Structures are given as structure tokens and as C-alpha cells.
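**Q** Pasted the sequence and its predicted model underneath.
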Number of protein chains: 2
Amino acid sequence: MTRVDFWYEFSSTYSYPAAMRAAEIARERSVVLRWRPFLLGPIFVAQGWRNSPFNLYPAKGRYMWRDVERVCAKLSLPFRRPEPFPQNSLFASRAALVLEDEDRAAFSRAIYAAEYGEGRPIAERATIAETLAGLGHNPSAIIERASSEPIKAKLRSETDEAQRLGIFGAPTFIVEGGELFWGNDRLEDALDWAARY
Amino acid sequence: MTRVDFWYEFSSTYSYPAAMRAAEIARERSVVLRWRPFLLGPIFVAQGWRNSPFNLYPAKGRYMWRDVERVCAKLSLPFRRPEPFPQNSLFASRAALVLEDEDRAAFSRAIYAAEYGEGRPIAERATIAETLAGLGHNPSAIIERASSEPIKAKLRSETDEAQRLGIFGAPTFIVEGGELFWGNDRLEDALDWAARY
């Protein structure tokens, strides 16, 4: 089965509908999805942006909020704007990297649902802990590992890898062999590409 | 019948597939499409960009060329990258404004087909003249009017209007009532919205 790397950022709005849909669409096409959280911040800083482009360019930002609202309504996904935006995604990303495979996917969906479905603050440890507990994990053990040096280094190396692969936004899908697709709007195209590969 | 304003830029890559498809999709939904060429340059300059974002941000630019190629292949549209990019679209935009309604739509499609289907230089008067002649117009009469003060002023006022409406990229579709959709990917959504209006 062909593998697709799903690169996502917990602060990215369009990664929310992608994360909620990706597993089912991959399953329908018998494609293996690898969940790869990373940080966009260092990639934005490298191209001169010290904030989200949606904050730097107000007309684009106003449009994005309306568009995401419409996209979620079309998919019957609840949507609530978190404040502030972007949410600091560092700790959620590290916690995701502690988990593997299906556990990571389920945790990632739950974080997105908390953040953009309910507008909850994912930068806070309490949100992370409650989300982990809700999935049957031992929150304190995972939170401790999320603060460990190997996990910090892993997130840095994943972010470096994303930049090396030419990723400039999230979500991004990279099909085994290298074909890159950017955006929730390209989820089906990416997985169709993988299914034909 | 609900009206949708189709705002396009002759130098915009994603405006090409949108322009080639828009009339038929509007007809299927009984929506009136108003073709409104404008210039993105002044809007980009106002937000600090002195060049196309696809040139300013190389990773995004490399991705865009591959993505447009895939989008066109999926729609069975020929695609050839014009050099240089972006093409200067000033004169083509003025010529489009000399024409009205269906004549403007047909000319605009023909210019996009020359530019992105064949890679021809649309900044050159010869390309504009041949395109006009191919549609049964008298090229010299239209080219003379395209250089007149009222047409120059019209393009400036259309561009000001685009900026006032919150347009930040092309193509953009604005449904009667104000709902704004950005990008070739939102063409169907915009016209569906108008059909339900």
C-alpha cells in the first residue's frame, strides 16, 4: 500500500478539517497515512514572517475566517475561533510525538476538535491533560515525556525535514515518491494520486 | 437571476482555469457572470510586495507551478509556462475593458489560452492584435480605445473597487449581496451559493 505523509500544524486552521477527514479518505483508497506534526513558525520566520500570514495580511485573514467557517459548515464540523490566534502549538506537537500511529492520530483529532470545534486553548497543559485522559491515556506520564530532550529534538528534526521537503504551509500531503499537495482542498487529490501510484 | 462578479487578473495563473470554466458553470446554475478584469499589482504593493508572491516565496512558487500543471491536466486544459512571469497584464486588461459582456468574456478566455495554453507574451501588442482579429474584431480601433484616458481611468477605478471590496488575490468571485470566494478551487462553491441566494 502506498504511503502518504500528512504534515500538520496544530495552530493551522485548514489542518483542522483535513485532520478530521484524512483517515477515512485514506481508508477508502487503501492508502497508509503517516501523521507528522511539525511547526510552521520556524518556516515562516525563515521567509521573513514573524506572525501568521493571516494576521500580517488583514484582508486575507478576514477572508480565511469566513472561508474556514463555510468549509466546516459544508462538512458538518463545528467551528469556533480560538483566541488568541494562532494558538501556541509547541506543547501539543510534542505530546503528539510521544504517541505512535493510531494513538497519535486520535490525539491529534481530539486536539483539533478542542481548538477549532470548541475554541479551547491548546497551549494550556490542562487542555492537553484532559484530552489525553479522555482518550484513556495517563496524562502525567505523557506530559513528562513530552518535555524530555529526545522529544524536543524530534520535533526540531521533523520541522527541519518539512522545510527540506519544500513545505511552506499546512496541511501538506506528500505521496511516497515525492508528489506534494498543499491544503485541505487537495486532500482528495493527494490520496487519489497515492491510490494510482 | 443572481449576479456574480468574476474578478480576474491576466497575469494570475489560477485565473486561467477559472476563466476557461466559469461561463459554463454559471450557465448550468442560471447565474449571471460579470467579467471584471483588474490589476493585482497595486494591491500587492499596498501590502508590501513588489513582485508576485510566487516569486518572493520560492517554495510556494515551485509548488504553484506544479499544482497549476496538475489542475490543468485534470481539466484537460493545455498548460505552458510563460516567460517572464508574471506577464505585464496592463494592456490586455485595458483592451478587455473596451469590450462588453460576451465580447469581453471571449477575449479574456482567448488571452488566457494564448498566455497559459501556449506560453505567448500577452504584454506585446502583436499578441493582443492577433487575439482581437481572431475573434472578428478590428484590432486597431480597439487598441486605440484601450490607450484612451477613459479606459485607463476605468481600469484604475476597477482596481480601487477590488481593493475596497477586500480582494487580495485572483480569481475572486463576489456573489450579489457580498459573499466573497477566492481561488479557482472555490468557483463551484461561489456559483452554488449564488444559485441558492
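**A** That came through, no problem.

**Q** C-alpha from now on. contacts and neighbour counts both.
**A** Noted.

**Q** any chance you could map the strands in chain A?
**A** A:3-8, A:32-37, A:172-175, A:180-182 (DSSP state E).

**Q** Neighbouring strands - and their directions - for the last one?
**A** Right, the one you point to is strand A:180-182. strand A:172-175 (antiparallel) (DSSP bridges).

**Q** on that earlier part again, highest mean neighbour count out of the strands of chain A?
**A** Ranked by mean neighbour count, the strands of chain A are led by strand A:172-175 with a mean of 25 (mean count of other Cα atoms under 10 Å in any protein chain shown).

**Q** What's the mean pLDDT across that one?
**A** The average of the pLDDT scores along strand A:172-175 is 98.

**Q** dump the residue contacts of A:Ala19.
**A** A:Tyr8, A:Ser108, A:Arg109, A:Tyr112 (Cα atoms under 8 Å, 6 or more residues apart in numbering or on different chains).

**Q** do that again at 10 Å, thanks
**A** A:6-8, A:10, A:35, A:105-106, A:108-110, A:112-113, A:171, A:184, A:187 (Cα atoms under 10 Å, 6 or more residues apart in numbering or on different chains).

**Q** By neighbours, which of those residues wins?
**A** Greatest neighbour count in the contacts of A:Ala19, by other Cα atoms under 10 Å in any protein chain shown, goes to A:Phe10: 32 neighbours.

**Q** Surely it is in contact with A:Ala95?
**A** No: if you go by Cα atoms under 10 Å, A:Phe10 and A:Ala95 don't touch, sitting 11.3 Å apart.

**Q** Pull up the overlap in contacts between those two.
**A** A:Pro37, A:Ser108.

**Q** how about the residues of chain A near chain B?
**A** Within chain A, the residues that sit near chain B (Cα under 10 Å from any Cα of the partner chain) are A:47-48, A:56-60, A:62-64, A:66-67, A:70-71, A:163, A:165-169, A:179-182, A:185-186, A:189.

**Q** Restricted to buried residues, select those residues in ChimeraX.
**A** The ChimeraX selection below is limited to those of these classed as buried (16 or more other Cα atoms under 10 Å in any protein chain shown):
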select /A:59,60,63,64,67,71,163,166,167,168,169,180,181,182,185,186
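
**Q** mind listing which of the residues of chain A next to chain B are in helices?
**A** A:56, A:58-60, A:62-64, A:66-67, A:70-71, A:163, A:189 (DSSP state H).

**Q** Which of the residues you listed lies at the shortest distance from A:Gly134?
**A** Checking these against A:Gly134 by Cα to Cα gives A:Val71 as the nearest, at 27.0 Å.

**Q** Around the closest residue to that closest one other than its chain neighbours, count how many other residues there are.
**A** For A:Val71, ignoring the flanking residues on the chain, the nearest one in space by Cα to Cα, 6 or more residues apart in numbering or on different chains is A:Pro17 at 7.9 Å. Residues lying near A:Pro17 (other Cα under 10 Å) number 26.

**Q** I'd like the distance between A:Pro17 and A:Ile151.
**A** 26 Å (Cα to Cα, to the nearest Å).

**Q** Same list as before, the ones in helices among the residues of chain A next to chain B that is, but in JSON lines and with pLDDT included.
**A** Listed next are those as JSON lines, based on pLDDT from 0 to 100:
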{"residue": "A:Leu56", "pLDDT": "92"}
{"residue": "A:Pro58", "pLDDT": "93"}
{"residue": "A:Ala59", "pLDDT": "95"}
{"residue": "A:Lys60", "pLDDT": "96"}
{"residue": "A:Arg62", "pLDDT": "97"}
{"residue": "A:Tyr63", "pLDDT": "98"}
{"residue": "A:Met64", "pLDDT": "98"}
{"residue": "A:Arg66", "pLDDT": "98"}
{"residue": "A:Asp67", "pLDDT": "98"}
{"residue": "A:Arg70", "pLDDT": "98"}
{"residue": "A:Val71", "pLDDT": "98"}
{"residue": "A:Gln163", "pLDDT": "97"}
{"residue": "A:Asp189", "pLDDT": "98"}
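
**Q** returning to what we had before: contacting residues around the residue nearest to A:Val71?
**A** A:68, A:71-72, A:75-79, A:109, A:112-113, A:116-117, A:171, A:184-185, A:187.

**Q** Could you do A:Ala114 as well?
**A** A:Ala114 neighbours (Cα under 10 Å, 6+ apart): A:Phe79, A:Arg80, A:Pro82, A:Ser108, A:Arg120, A:Pro121, A:Ile122, A:Thr127, A:Ile128, A:Thr131.

**Q** Now with 8 Å, please.
**A** Per Cα under 8 Å, 6+ apart, neighbours of A:Ala114: A:Arg120, A:Pro121, A:Ile122.

**Q** Please indicate which of the residues you listed has the highest neighbour count?
**A** A:Ile122 (24 neighbours).

**Q** That residue touches A:Ser93, doesn't it?
**A** No: using Cα atoms under 8 Å, A:Ile122 is not in contact with A:Ser93, being 10.2 Å away.

**Q** Leaving out chain neighbours, which residue sits closest to A:Ala106?
**A** Per Cα to Cα, 6+ apart, closest to A:Ala106 is A:Leu135, 7.9 Å.

**Q** mind checking how far that neighbour is from chain B?
**A** 36 Å (Cα to the nearest Cα, to the nearest Å).

**Q** Tell me how many other residues surround that residue.
**A** If we define neighbours as other Cα under 10 Å, then A:Leu135 has 13 of them.

**Q** Model confidence for it, exactly?
**A** 98.

**Q** Same check on A:Gln47?
**A** So A:Gln47 comes in at 86 (pLDDT).

**Q** Please name the residues that touch it.
**A** B:Tyr57.

**Q** Phi and psi next, for it.
**A** phi -100, psi 20 (degrees, to the nearest 10).

**Q** how much space between it and A:Gln163?
**A** From A:Gln47 to A:Gln163 the distance is 11 Å (Cα to Cα).
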